[in-house]
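Engineer: Have a look at this fold, sequence not included:
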């Protein structure tokens, strides 16, 4: 994939869609391209969050550990951002991310991700929207799971 194609991909990601083209290029140039096989864990709940990931291709299952076993709370795909909660909140990973299919990602370091957020108020607002939507979705999923187990 060329730099131009990666920049076009970045433009499709909600949080990075409104930032300056130069910052979009810096993100692409600085990001590391990683591939995962189906079934491979990208990170586990409790891990230190050192990067966020943009899914270029494939599907990733997001689950949270519980005493009765993991609960799947989301599936993510192309153009989705994951792993941002741990780096933005400076907390351990809140969930486990596992490739369901072959997955290709752009890995963005914590330092670069935070630089983008600090320098781009629109990106910060989009991040807050994403986090709020994820919290609402996770709460709803866990509520359904809990009421179904009674």
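Structural biologist: On my side now, so go ahead. Just so you know, these numbers come straight off a predicted model, no measurement behind them.

Engineer: Look up how far residue 55 lies from residue 6.
Structural biologist: 13 Å (CB to CB, to the nearest Å). Backbone N, C-alpha and C define where each C-beta goes, glycine included.

Engineer: neighbour-wise, which of these two wins?
Structural biologist: The residue with more neighbours, out of residue 6 and residue 55, is residue 55; 23 against 20, by other CB atoms under 10 Å.

Engineer: Test my guess that the more buried one contacts residue 82.
Structural biologist: Yes. Applying CB atoms under 8 Å, one finds residue 55 in contact with residue 82, separated by 7.1 Å.

Engineer: got any residues that touch both of the two?
Structural biologist: Residues touching both residue 55 and residue 82 by CB atoms under 8 Å, 6 or more residues apart in numbering: residue 76.

Engineer: Just give me the neighbour total for residue 89.
Structural biologist: 11.

Engineer: and the gap between it and residue 82?
Structural biologist: 14 Å.

Engineer: same question, residue 131
Structural biologist: Residue 131 is 12 Å from residue 82, by CB to CB.
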